[in-house]
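A.B. asks: Provided below are the primary sequence and the corresponding predicted coordinates.
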Amino acid sequence: MIKRKSLMIIILVLISVVSTLFLYAYFSDNRNIESPPGEVITLKFEFTNLFLIPIKKGYILIDNAYEKEFGKFLDYLDEYKIDIKEIKYILLTHHHDDHVGFLNQITSENPEASVVLHRRTADLVATGFNNKTNGGGIVNRRIYILFKMKQLLTPGWDLTFPPYFVRENDLVFDNDVFDLSNVVGINVKAIYTPGHSSDSFSYIYNNKYDSWRSLINREVEVIIPSHGKPFNIKNLKNNIDSQKQENIAKFF
């Protein structure tokens with residue numbers, strides 16, 4: 001009887017802890033949120049937001065998700081009545097498994113699509129695993145909590161992905177600031193913003209969306225992240241001094 005009572009107490013404590021973590025994750029993700037431009041299509045996956053931006057005779061796709069989520073991606077395309085061959089460019093922000101997972105599947109279905117990525121990312125996607133030796137981490141504690149919960153619930157998750165090797169029709173750039181406007185046909189600029197990973201890039205779209213000080217100095221208004229909801233730049237301004245190296249939530 002005592003053992004059963006102790007077990008019930010443990011279960012209740014675990015439920016309480018998990019509920020608290022979920023509530024924290026939910027409410028911390030709803031401060032100063034913004035909506036992306038109306039023409040941008042947001043595709044929500046387990047951890048990652050993908051974006052489809054219309055261009056002349058097609059779309060730009062920002063990032064991928066996990067390899068296992070390719071079927072869900074195809075379902076989204078069906079929902080929006082978009083043929084996969086309409087995706088003309090795939091812009092990668094960095095090499096992690098939840099951002100490049102089904103890259104080989106897309107380019108197999110649509111070999112004419114051009115993958116646009118920095119030289120750092122090109123080297124890292126060819127390895128097939130998240131690089132853990134050259135910096136990077138999670139500064140968002142909500143994401144850190146979700147990351148740890150996923151590790152507990154999916155012990156087979158090993159941060160690997162199918163290696164991707166740059167093709168002849170892909171575009172690899174070397175500069176830390178690179179104007180893609182003449183490539184994709186709309187106003188898009190890539191800027192180097194390391195932090196989450198050593199190869200992280202942000203894309204400024206239509207001169208409105210431009211690590212941290214780089215974004216603030218460009219006077220952008222809204223950040224549209226792959227993880228979480230869009231938020232106002234004042235979140236970065238209010239927290240930039242608190243995010244010192246010793247405060248960064250470590251994960252690997």
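C.D. replies: Arrived safely. Numbers count the residues shown, from 1 in each chain.

A.B. asks: what are the pairing partners of the longest strand along the chain, and which direction each?
C.D. replies: Criterion DSSP state E: the longest strand present in the chain is strand 49-55. For strand 49-55, the pairing partners within the sheet under DSSP bridges are strand 41-44 (antiparallel), strand 58-62 (antiparallel).

A.B. asks: Throw these into CSV and include mean pLDDT and mean neighbour count, thanks.
C.D. replies: Glycine gets a C-beta too; all of them are placed from N, C-alpha and C. As requested, those are arranged in CSV below (pLDDT from 0 to 100; neighbours: other Cβ atoms under 10 Å):
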stretch, mean pLDDT, mean neighbour count
strand 41-44, 95, 16
strand 58-62, 97, 23
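
A.B. asks: hmm, back to that, quick check: buried residues in the longest strand of the chain?
C.D. replies: Residues of strand 49-55 classed as buried by neighbour count (16 or more other Cβ atoms under 10 Å): 49-53.

A.B. asks: Output the strands paired with strand 49-55 as JSON lines; include the columns distance to residue 126.
C.D. replies: Formatted as JSON lines, the strands paired with strand 49-55 follow (distance: least, Cβ to Cβ, whole Å):
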{"stretch": "strand 41-44", "distance to residue 126": "25"}
{"stretch": "strand 58-62", "distance to residue 126": "20"}
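
A.B. asks: I'd like to know which of the ones you listed lies nearest to residue 115.
C.D. replies: Closest approach to residue 115 among those is made by strand 58-62 (9.6 Å; Cβ to Cβ).

A.B. asks: between the following helix or strand past the closest one and strand 58-62, how many degrees?
C.D. replies: Using DSSP states H and E, the helix or strand that follows strand 58-62 towards the C-terminus is helix 70-79. Calculated by axes from the mean of the first three to the mean of the last three Cα atoms, to 10 degrees, helix 70-79 forms an angle of 150 degrees with strand 58-62.

A.B. asks: pLDDT on the helix or strand that helix 70-79 is followed by, on average?
C.D. replies: The helix or strand immediately downstream of helix 70-79 is strand 87-91, counting by DSSP H and E. Averaged over strand 87-91, pLDDT sits at 98.

A.B. asks: Which parts of the chain are helices?
C.D. replies: 2-28, 70-79, 97-100, 103-109, 119-125, 141-153, 181-184, 213-217, 234-239 (DSSP state H).
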